[in-house]
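>>> Okay, structure incoming, though there's no sequence with it:
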């Protein structure tokens with residue numbers, strides 16, 4: 001049975017309160033549904049993202065989502081502290097690609113089962129609003145990444161990555177970063193030397 005860690009839970013409550021203020025009743029009802037899990041580095045925490053039964057909040061650590069295309073592993077995005085992980089559209093894989101989520105460090109997650117989340121949405125419109133705002137944030141991040149891949153040069157994409165995620169460059173392998181940025185590792189190494 002997953003443990004309850006009050007510090008991790010309080011961090012999560014602070015996060016959702018920063019999105020939209022919750023009532024005390026809403027907070028107490030959410031807390032009942034939360035569990036804390038700890039997962040070691042290099043573990044597949046979500047084998048198939050579109051079929052995940054849980055929504056995850058990263059309280060410690062870094063993860064990556066990846067899929068395979070033409071037998072090549074593609075890193076799609078990174079998640080770090082104070083980010084939410086979950087399928088944007090459940091049970092509907094995009095382009096028949098199975099996205100998996102792997103821990104890149106020892107991680108701690110707060111998770112809530114989607115059935116509990118649906119029940120909370122029905123009971124508390126304020127929680128439903130937070131869910132909608134988190135979904136909107138996810139869609140905006142996805143659109144931003146698409147825009148970067150289409151509009152920015154390789155050097156500009158790397159510079160943007162450094163500005164947006166300054167603490168990740170020393171926590172993630174260059175191979176994963178180059179894949180995420182849509183370039184090969186040789187190109188990334190050349191850009192890094194030029195900088």
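Good, I have the coordinates. These numbers come from a predicted model, not from an experiment.
>>> from here on, contacts and neighbour counts on C-alpha atoms
Noted.
>>> and residue 19, how far is that from residue 126?
11 Å (CA to CA, to the nearest Å).
>>> pLDDT below threshold where in this structure?
1-5, 88-97 (pLDDT under 70).
>>> would you list every one of the helices in it?
6-19, 24-33, 114-123, 125-151, 154-164, 174-180, 185-194 (DSSP state H).
>>> what sits up against the first one?
It stands for helix 6-19. 22, 27, 31, 34, 36, 57, 59, 82, 110, 130, 133 (CA atoms under 8 Å, 6 or more residues apart in numbering).
>>> Mind giving me the ChimeraX select for those, buried ones only?
Under the burial definition 16 or more other CA atoms under 10 Å, those of the contacts of helix 6-19 that qualify are selected in ChimeraX by:
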select :22,27,31,34,36,57,59,82,110,130
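>>> and which of the contacts of helix 6-19 is nearest residue 164?
residue 82 (14.3 Å; CA to CA).
>>> can I assume the closest one is in contact with residue 61?
No - under the criterion of CA atoms under 8 Å, residue 82 makes no contact with residue 61, lying 9.6 Å away.
>>> Which of the helices of the chain has the highest mean neighbour count?
helix 174-180 (a mean of 20; mean count of other CA atoms under 10 Å).
>>> so how far is that helix off the chain centroid?
How far helix 174-180 lies from its chain's middle: 16 Å, per CA atoms, centre = their mean, to the nearest Å.
>>> Mind giving me the packing neighbours of that helix?
strand 72-79, helix 185-194 (3 or more CA pairs under 8 Å, 6 or more residues apart in numbering; DSSP states H and E).
>>> So what touches it?
For helix 174-180, using CA under 8 Å, 6+ apart, the contacting residues are 74-77, 184-185, 188.
>>> and what of stretch 39-48?
Everything outside stretch 39-48 that qualifies as a contact, by CA under 8 Å, 6+ apart, is 52, 98-108.
>>> same thing but at 10 Å, please
With contact meaning CA atoms under 10 Å, 6 or more residues apart in numbering, stretch 39-48 is reached by 38, 52-54, 56, 61-65, 67, 85-87, 91, 93, 97-109.
>>> sorry, back to before: so which of the contacts of helix 174-180 comes closest to residue 194?
residue 188 (9.9 Å).
>>> any idea how far that closest one lies from residue 150?
From residue 188 to residue 150 the distance is 17 Å (CA to CA).
>>> Test my guess that residue 21 contacts residue 126.
Yes - counting by CA atoms under 10 Å, residue 21 touches residue 126, with 8.0 Å between them.
>>> which neighbours do residue 82 and residue 61 share?
Residues touching both residue 82 and residue 61 by CA under 10 Å, 6+ apart: residue 109.
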